[in-house]
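In: Below is the structure, and that's it, no one-letter string:
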């Protein structure tokens, strides 16, 4: 595996760093102020910066092997996604934020020409946003076969019923489309019961019941909606790929989505480590700088070691996605999905500790970042599910090895 970045990627890194330094970091406080003044409205600063990012050639970088994106591989995108993830507002400015990236990949890969024209085109242009309605409050959705929402055929329509929550992005007034997962045939084999369908958010019967908070943060204007779908009639042409293929689509969507989260986590961890180093060199306690305290130095060293380990595993997973496909890289994707958020949380925790009271206040990005990253140990499959899968694959390798030895 050669992780040396190409000249193309190095050039994009340079251009992206310039954009971050000139337009993102200096405007983070303005972004927070605008959100506070009008929480559930698009911010002016984001909308002002989008055309600049597009003009700079830093737009839709996430789509691999596509006519719509920059044509980057997962491995090439990894360092860029990491850089964008260092700022809360960064990914959206470059039209590379979740859940839109995953939804755009679904539409690009599985959508009909009509679906692409109506929904993918404005998403790629950054004119609208989207959400993904899968998790349900009444069942353990970490096992997606539990999902109870229904998508029932009625002539040339489907009737959608269900209650979803943690539908991230549903609170944004620009959110115009949901990808909804539900059962079309409860009598089919467990992994053939589910389908996905495109549900316009303004369709009669769609209601945002409430917006959930994450450790007290509402994440406006994005929001995490609890949404009811009551007898929502949707044209049959809105179904994705066909009935019973929901799990197939989910596997295609979740691989890239999961690793993108990991790339952004590493960016968050890098920024936290940099913030920690700045802090401890500037503060004095007990007659010397915090940077001269042994426990602080150990925390810095541990953070660097863990970030480098997580980055290397992320790059390996990305490399394997490019070379053997998402299915062939499933173990590496599962491993990094466990490792990256946990590493980011540990680094954030150390940075918070070195900042004292400031670390848990709104005066730094650390507390909000910790709350966001903590959700990733649950989102896109909890740690326990990924660990169970990793163990099963490892045990299966052991059986094959034992069988091969026995044959000799």
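Out: Perfect, I can see it now. None of these values were measured; they are calculated from a predicted model.
In: residues in contact with the residue nearest to residue 316 when sequence neighbours are not counted?
Out: Once flanking residues are discounted, residue 316 sits nearest to residue 332: 5.8 Å by Cβ to Cβ, 6 or more residues apart in numbering. For the C-beta atoms, the positions are set from N, CA and C on the backbone; glycine is no exception. By Cβ atoms under 8 Å, 6 or more residues apart in numbering, the residues touching residue 332 are 313, 316, 317, 320.
In: Out of those, who's the most crowded?
Out: Counting neighbours by other Cβ atoms under 10 Å, residue 317 comes out on top of those with 30 neighbours.
In: Check which helix or strand that one maps to.
Out: Assessed by DSSP states H and E, residue 317 sits inside helix 294-328.
In: buried ones in the helix or strand just after that helix?
Out: Counting by DSSP H and E, the element after helix 294-328 in chain order, helix or strand, is helix 330-355. Within helix 330-355, the residues that count as buried by 16 or more other Cβ atoms under 10 Å are 330-352, 354-355.
In: Report how many residues lie close to the closest residue to residue 349 other than its chain neighbours.
Out: Distance criterion Cβ to Cβ, 6+ apart; nearest residue to residue 349, sequence neighbours excluded, is residue 370 at 7.1 Å. Residues within reach of residue 370, counting by other Cβ under 10 Å, total 21.
In: how about residue 370, what does it touch?
Out: 215, 345, 348, 349, 352.
In: Which of these sits closest to residue 279?
Out: The shortest gap between residue 279 and any of those belongs to residue 352, at 10.3 Å (Cβ to Cβ).
In: one step back: need the contacts of residue 332 in JSON lines (columns: distance to residue 270 and pLDDT).
Out: Output for the contacts of residue 332, formatted as JSON lines (distance: Cβ to Cβ, whole Å; pLDDT from 0 to 100):
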{"residue": "313", "distance to residue 270": "15", "pLDDT": "98"}
{"residue": "316", "distance to residue 270": "18", "pLDDT": "97"}
{"residue": "317", "distance to residue 270": "18", "pLDDT": "97"}
{"residue": "320", "distance to residue 270": "23", "pLDDT": "95"}
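In: out of those residues, who's nearest residue 107?
Out: For these, the nearest to residue 107 is residue 317 (23.8 Å; Cβ to Cβ).
In: That closest one reaches residue 333, doesn't it?
Out: Yes. Taking contacts as Cβ atoms under 8 Å, residue 317 lies within contact range of residue 333: 5.3 Å.
In: Overlap in contacts, the two.
Out: residue 259.
In: which residues touch the residue nearest to residue 233 when sequence neighbours are not counted?
Out: In space, and not counting its chain neighbours, residue 233 is closest to residue 157: 5.0 Å by Cβ to Cβ, 6+ apart. Neighbouring residues of residue 157 by Cβ under 8 Å, 6+ apart: 233, 234, 235, 236.
In: So which of those residues are in strands?
Out: Counting by DSSP state E, the part of those found in strands is 233, 234, 235.
In: For the second one, which residues count as its bridge partners?
Out: So that's residue 234. Legend: beta-bridge partners of residue 234 under DSSP bridges are residue 158.
In: That one: neighbouring residues, count only.
Out: By other Cβ under 10 Å, neighbour count at residue 234 equals 21.
In: so what's it up against?
Out: Residue 234 sits next to 157, 158, 159, 160, 197, 198, 199, 200, 203 when contact means Cβ under 8 Å, 6+ apart.
In: One more: the last one?
Out: Taking Cβ under 8 Å, 6+ apart as the definition of contact, the neighbours of residue 235 are 156, 157, 158.
In: Try it again at 7 Å.
Out: By Cβ atoms under 7 Å, 6 or more residues apart in numbering, residue 235 lies in contact with 156, 157.
In: For residue 22, give its distance to residue 15.
Out: Separation of residue 22 from residue 15 (Cβ to Cβ, to the nearest Å): 11 Å.
In: actually residue 75, sorry about that
Out: Taken as Cβ to Cβ, the span from residue 75 to residue 15 is 19 Å.
In: And those two? Which one has more around it.
Out: residue 75 (24 against 14).
In: dump the residue contacts of that one.
Out: Contacts of residue 75 by Cβ under 7 Å, 6+ apart are 315, 318, 319, 322.
In: How about residue 40?
Out: Contacts of residue 40 (Cβ under 7 Å, 6+ apart): 171, 173, 220, 221.
In: Tell me which helix or strand it sits in.
Out: Using DSSP H and E, residue 40 is not contained in any helix or strand.
In: Got phi/psi on it?
Out: The phi/psi pair for residue 40 (degrees, to the nearest 10) reads phi -110, psi 40.
In: got it, and residue 160?
Out: According to degrees, to the nearest 10, residue 160 has phi -110, psi 130.
In: Distance check, it against residue 174.
Out: 22 Å.
In: and what of residue 95?
Out: Taking Cβ to Cβ, one finds residue 95 at 12 Å from residue 174.
In: With neighbour numbers in mind, choose between those two.
Out: Neighbour totals were compared for residue 95 and residue 174, and residue 95 leads with 23 against 16 (other Cβ under 10 Å).
In: what about residue 57, neighbour count?
Out: When neighbours are defined as other Cβ under 10 Å, residue 57 has 12 of them.
In: Please identify the helix or strand for it.
Out: In the assignment (DSSP H and E), residue 57 maps to no helix and no strand.
In: Now it: closest residue in space that isn't a chain neighbour?
Out: Per Cβ to Cβ, 6+ apart, closest to residue 57 is residue 15, 7.0 Å.
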